[in-house]
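Visitor: What shape does this take:
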Amino acid sequence: MSAAAPDASQAATRTATEPVSMRAVTVPRYGGAEVVEETVLDRPGIADDEVLVQVRAAGVDRGVWHLMTGTPYLIRVLGFGLTRPKQPVPGLDLAGVVAAVGADVTRFAVGDEVFGIGKATYAEYAAAPESKLSRKPADVGFDDAAVTAISGSTALQALTDVGRLSPGQSVLVIGSSGGVGSFAVQIAAHLGAHVTGVASAAKATAVTSLGAERVLDYAADDYLDGSTRYDLIIDAGGLNPVRRLKRALTPNGTLVIVGGEGGGTFTGGIGRNLRAAIVSLFSRKRLTSFISKENHETTDRLAELLASGGVTPLISGRYPLERVSEAMADLEAGRISGKAVIVVQPQ
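Guide: All right, here's what the predicted structure looks like:
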């Protein structure tokens, strides 16, 4: 049930009792794990349509890494900062407790437990648009909720909204041990698909535990040779040529390219996305890519999956706020299966 926004007297009371400073980490220049610094900042203000969240946990993903490193360089041109990050505090995913609400917020009240997508979430407090937050299910931990919004939304939209998955279809998930891939395997299996994952041999057991019926080793198996064809391919790996992906589809199959990993320094994998769109014009097969929509409608669907047990995030690393640099180093080195979480305030 939606909660009414608090009146002015409630807002004044909160402002008087809440701290004005907070612990956070910053990235003062573009770079990897080596540029992360721990600091103390003023607590952020919020706009009328925003919620201030006392962050319990925040997710680690490739999107955060790209914004930290400023690669591909197209990110800088698109307005995220030419010479250094425009937003020095990293982090997007979050889960926590509502500490204050803007004047136009109607869906949440102080004390509500929420998760979703915010701004500068590697800190004790973060602002988030009301439209990008959902209520955290009561039986779901903050750590699990914190890693779900970005990767889970991308996987869910890739499978259902773009991939149009139906029960009984065969699905190949490339990059199945990663953030998006680990969610895609679980969601596809939950929706009744026959799932094959592609991962390293070392991570095969983890992918099987997510619901994959079969796991192929990307280093040893030629999984795109056309000997097995799939109704839907979710490619979150970023390294496969479009022509080979097309060969592994059924006659009316669909390819969904997720993100732009594996591309050049300047534009990332956007060239592969464009090639897929062009090839699709001359084929019965659908070759697509997309940009995930950030909205509470999608995270509400994910909340239902979390609450029912249809999705349980694969978390292979938990790091306190002061060890964000270590988390980023592990991400860069490929030591993380599924997701990692920054535990800002232990439960």
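Visitor: can you count the residues close to Arg284?
Guide: Arg284 sits with 10 neighbouring residues when counted by other Cβ atoms under 10 Å. Any C-beta I mention is one placed from the backbone N, CA and C, and that applies to glycine too.
Visitor: Sorry, slip of the keys, the one I care about is Lys132.
Guide: By the criterion of other Cβ under 10 Å, Lys132 has 22 neighbours.
Visitor: can I assume it is in contact with Phe115?
Guide: No: applying Cβ atoms under 8 Å as the test, Lys132 and Phe115 come out as separate, 10.0 Å apart.
Visitor: Give me the common contacts of those two.
Guide: By Cβ atoms under 8 Å, 6 or more residues apart in numbering, Lys132 and Phe115 have these common neighbours: Ala149, Thr299.
Visitor: Can you classify the spatially closest residue to Pro251 that is not a sequence neighbour as helix, strand or coil?
Guide: Closest residue to Pro251 apart from its sequence neighbours, by Cβ to Cβ, 6 or more residues apart in numbering: Arg284 at 6.0 Å. Secondary structure state of Arg284, per DSSP: H, G, I helix; E, B strand; the rest coil, is coil.
Visitor: The helix or strand Thr154 falls within: what's the following helix or strand?
Guide: Assigned by DSSP states H and E, Thr154 belongs to helix 149-156. Under the assignment DSSP H and E, the closest C-terminal helix or strand after helix 149-156 is strand 170-174.
Visitor: domains for the protein, by residue range?
Guide: The record assigns the chain these domain ranges, following automatic domain parsing: 8-148+314-343, 150-290.
Visitor: mind checking the end-to-end distance for the last one?
Guide: What it means is domain 150-290. With Cα to Cα, to the nearest Å as the measure, the ends of domain 150-290 fall 14 Å from one another.
Visitor: ok now that domain, how far from the chain's centre?
Guide: Computed by Cα atoms, centre = their mean, to the nearest Å, the separation of domain 150-290 from the middle of its chain amounts to 16 Å.
Visitor: And for the longest one?
Guide: The offset between the C-alpha centroid of domain 8-148+314-343 and the centroid of the whole chain comes to 12 Å, using Cα atoms, centre = their mean.
Visitor: Need the mean per-residue confidence for stretch 201-220.
Guide: The average pLDDT for stretch 201-220 rounds to 96.
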